[in-house]
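> test case, fold it:
(2 chains)
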There are 2 protein chains.
Amino acid sequence: MEHGHPNRHRVVVIGAGFGGLAVVRGLRHVDVDITVVDANNFHTFQPLLYQVATAGLGSDDIAYAVRGIFRRQRNVSFRMARVSAIDLAARTVTLSAGPPLIYDTLVVAAGAVSNSFGVPGVDEHAFPLKSVEDAVALRNHVLGKFETAGADPTSAHPGALSVVVCGGGPTGVEMAGGLMELFGHVLAKDFPQLDVGSARVVLVEAADRLLGTFHSRSSARARRTLTDRGVEVITGVGVREIDPSAVVLADGRRIDADTVVWAAGVRASPLAEMLGVPLARGRIVVGTDLSVPDHPEVFAIGDIAADALQPLPQVAQPAIQGGHHVACQIGRRLCGQPTNPFGYRDKGSMATIGRHDAVAELPIGLRLAGPLGWLAWLGLHIVYLMGFRNRANVLVNWTWNYFTYDRAARLLTEDDLSETRPTDMS
Amino acid sequence: MEHGHPNRHRVVVIGAGFGGLAVVRGLRHVDVDITVVDANNFHTFQPLLYQVATAGLGSDDIAYAVRGIFRRQRNVSFRMARVSAIDLAARTVTLSAGPPLIYDTLVVAAGAVSNSFGVPGVDEHAFPLKSVEDAVALRNHVLGKFETAGADPTSAHPGALSVVVCGGGPTGVEMAGGLMELFGHVLAKDFPQLDVGSARVVLVEAADRLLGTFHSRSSARARRTLTDRGVEVITGVGVREIDPSAVVLADGRRIDADTVVWAAGVRASPLAEMLGVPLARGRIVVGTDLSVPDHPEVFAIGDIAADALQPLPQVAQPAIQGGHHVACQIGRRLCGQPTNPFGYRDKGSMATIGRHDAVAELPIGLRLAGPLGWLAWLGLHIVYLMGFRNRANVLVNWTWNYFTYDRAARLLTEDDLSETRPTDMS
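Alright, predicted model coming up:
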């Protein structure tokens, strides 16, 4: 930690997600002072949140202490706090705790939050899936519903055990598949007195097919696999409203369910509004080099940035690549060189549908599905997790789950049981 | 699950700790219907709570879903609830949720809670260490103190980072040793801007030596090792009062510390009072066969029971052996045989003091200390964890911690940071 050097260039990175980590890593050999700010002291491996929500992994397995990640990188320090104000003129970031930060370069990588799209009842009655806390709250809610019904099977009402997943993108597909496994392989054995087979898992997507950003054959494959495994897939119908115990579809259909997962989409973190610069659909408008127009010292990357040229998918890859790019540009500026434009390289996309099945699309036009797609998915996630310390635990948990059909992380405290809806939680 | 059989003997077990699990396991081949009741849906491996509190293990590593443990045992069902009333005349147990339970035999194994011994300030300002939630709250509090001080090193007050551990039994000794490792090997690297060396770990014991139930040479060994590692050990002085930011000793000394761990002792769960039978120091008085006098159908085991003949240590072994014994007696009664008296067999005791060091005392008079004691401790805990599913994760985490001096589980959310004392935590 070399702080206090009077002349060193100060970089402040807001957010310890994929984008923020990539910036810091990219600056490891650059003579700058970096401060990372995040409300949590850990990075969340968001692609596996659905595994925590379905009790396949513990929350510790997908969360990595930021200080631990950068222990060997001497030019980084970390501040655990929320950002309360950003002053572009004074070049300061005010935090919820401790003294404000002064920057020479600011990188905004605060990511996205769940987007209700104005659908009534979403904020009050549905569970988002954007943070470890979201995932644990959802897991506890689902397990609590089974505990309550199991204590008195005659009292259960229709939909007490059912789950509606709103949104047929990768998160919704993975969540629905994971829930079906949790129900069929674990909870059916844990609660033999309950008719777990009558617990529905319904996946609702407003567009006419699942996985809209994938090839239509991958969409069809995902639908067929999910349906074979017992998920009810409804496409082409939006959600009109969410009640405390049901989802009402746009066509008037009512699906009884005490648990609703909202995976219909995200919007940029409200932090974007603190900058006072032009936004597009809530995202910070950036130039070709990912800097903010008229503020070359401010960059925005990942889900919070709106790249004018190419609307990028809101997944890890654009954030990671944007982070690498910005780190390079900071290095170039320090050497007096001009910045380069950012070019996104599509590395493909994938979604797992459950045991032995996934769809993977590689940029060379190759599509994998079934067990081969699943192995590709597994391999990729293990490689990405390699940089982190918990990979061995994740492997142990996955191997255990795979061979025993068990789920380790189905833990619940009595306090959780009395909480029935996300609004009660906090 | 064979419930509803009209003539089968109904056993209700209150508590899924070591004692309760031993009863259930002991009845696996007996033709009874067992219902286990616990406020959590998991068993807590209490001997490793200090590992969670010092960020060495995640909470999922020491908690095991009860339904998972007994998945293959067909005569068990589980109810997640608190006990709100016990009626010995009607032979019913009323729960906080769901219908009441009717029993033919009742086993009370509800364990112990932290005991403040009437010391002012303990309930308000000190952290107990009896549950996973206690351990996580303590971990979050300690890490939060470092985050706050790290954000603004000049603002830190004396004792901001210091911890006083009250109670020099195995829990206190293990906690003090674990904290010293967390401070020296992890937090000193995480917070290079802080003078972590000035953060004190003070272990206070009212008796004149640590580990009072061990041989005096083990006590001396523990004291020497802890002192060598930087723990300040104070014996022969009780605690008079605990302030929000200090511990006041009986001799008037005041130790500034924002974190106080209360490991000075336990008392029986208040559930004992629900039975309306004679108690001794809060514990249910039992006869030689561990049944309650005048209620041969009610047994009490473990920390909640007061064995008239031999005051047993409040650790796992008496609970486990008592559970086995009670399971046997239930089987004997069903065959019309009289019950046998319980005989406790001392299997020794051990306490780890940190890396490479532990004291272990075997009943044959053999005492192990240093690396050999530590290996014995490690081996025993691995064998005991073998019955559970998370052993592989625990091994991975321990191996990682051992070779890297890192701690994986140091995770904190911003909400945790605003909570400073256990009383704020609901």
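> how far away is A:Thr225 from A:Val261?
To A:Val261, A:Thr225 is 19 Å away according to C-beta to C-beta, to the nearest Å. Placement of C-beta: from N, CA and C, glycine included.
> of those two, which one has the most company?
A:Val261 (28 against 20; other C-beta atoms under 10 Å in any protein chain shown).
> in which helix or strand does the more buried one reside?
strand A:259-262 (DSSP states H and E).
> quick one: list the elements packing against that strand.
helix A:132-151, strand A:163-166 (3 or more C-beta pairs under 8 Å, 6 or more residues apart in numbering or on different chains; DSSP states H and E).
> can you say which of these is nearest to B:Ser218?
Between B:Ser218 and the helices and strands packed on strand A:259-262, the tightest spacing by C-beta to C-beta is seen for helix A:132-151, at 40.7 Å.
> tell me the confidence at A:Pro158?
Turning to A:Pro158, the model gives it a pLDDT of 89.
> count of residues packed around it?
13.
> contacting residues for A:Ala264?
A:Asn115, A:Phe117, A:Val119, A:Cys166, A:Gly167, A:Gly172, A:Ala206, A:Val239 (C-beta atoms under 8 Å, 6 or more residues apart in numbering or on different chains).
> near chain B, which residues of the stretch 101-250 of chain A are found?
A:132-133, A:143, A:147-148, A:150-152, A:189-193 (C-beta under 8 Å from any C-beta of the partner chain).
> taking the stretch 101-250 of chain A, what residue is nearest to chain B?
A:Ala151 (2.9 Å; C-beta to the nearest C-beta).
> just to revisit the earlier point, so among the contacts of A:Ala264, which ones count as buried?
A:Asn115, A:Val119, A:Cys166, A:Gly167, A:Gly172, A:Ala206, A:Val239 (16 or more other C-beta atoms under 10 Å in any protein chain shown).
> work out for me the element the fifth one sits within.
By that I understand A:Gly172. helix A:170-181.
> kindly export that helix (C-alpha atoms) in CSV.
What follows is helix A:170-181, C-alpha atoms only, in CSV (Å, rounded to 0.1, in the frame of the first residue of the first chain):
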residue,chain,number,x,y,z
PRO,A,170,-30.5,-17.2,-18.8
THR,A,171,-31.2,-16.3,-15.1
GLY,A,172,-34.9,-17.4,-15.3
VAL,A,173,-34.1,-20.6,-17.2
GLU,A,174,-31.3,-21.6,-14.8
MET,A,175,-33.5,-20.7,-11.8
ALA,A,176,-36.5,-22.8,-13.1
GLY,A,177,-34.2,-25.7,-13.8
GLY,A,178,-32.5,-25.5,-10.4
LEU,A,179,-35.8,-25.2,-8.6
MET,A,180,-37.2,-28.3,-10.3
GLU,A,181,-34.1,-30.3,-9.2
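> would you indicate which residues of the following helix or strand past that helix are buried?
Remark: after helix A:170-181, the chain's next helix or strand is helix A:188-190, criterion DSSP H and E. Within helix A:188-190, the residues scored as buried using 16+ other C-beta under 10 Å are A:Lys189, A:Asp190.
> who does helix A:188-190 touch, helix- and strand-wise?
For helix A:188-190, the packing partners by 3+ C-beta pairs under 8 Å, 6+ apart are helix B:66-69.
> what angle separates the next helix or strand after the helix it packs on from helix A:132-151?
Using DSSP H and E, the helix or strand that follows helix B:66-69 in sequence is strand B:76-80. With axes from the mean of the first three to the mean of the last three C-alpha atoms, to 10 degrees defining the directions, strand B:76-80 sits at 120 degrees from helix A:132-151.
> elements contacting strand B:76-80?
helix A:132-151, strand B:32-38.
> now the ones you listed in CSV, with distance to B:Ala300 and mean pLDDT?
As requested, those are exported to CSV (distance: least, C-beta to C-beta, whole Å; pLDDT from 0 to 100):
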stretch, distance to B:Ala300, mean pLDDT
helix A:132-151, 24, 93
strand B:32-38, 15, 97
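> please tabulate those in JSON lines, including the columns distance to B:Gly19 and mean neighbour count.
Putting the helices and strands packed on strand B:76-80 into JSON lines (distance: least, C-beta to C-beta, whole Å; neighbours: other C-beta atoms under 10 Å in any protein chain shown) gives the following:
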{"stretch": "helix A:132-151", "distance to B:Gly19": "22", "mean neighbour count": "23"}
{"stretch": "strand B:32-38", "distance to B:Gly19": "11", "mean neighbour count": "23"}
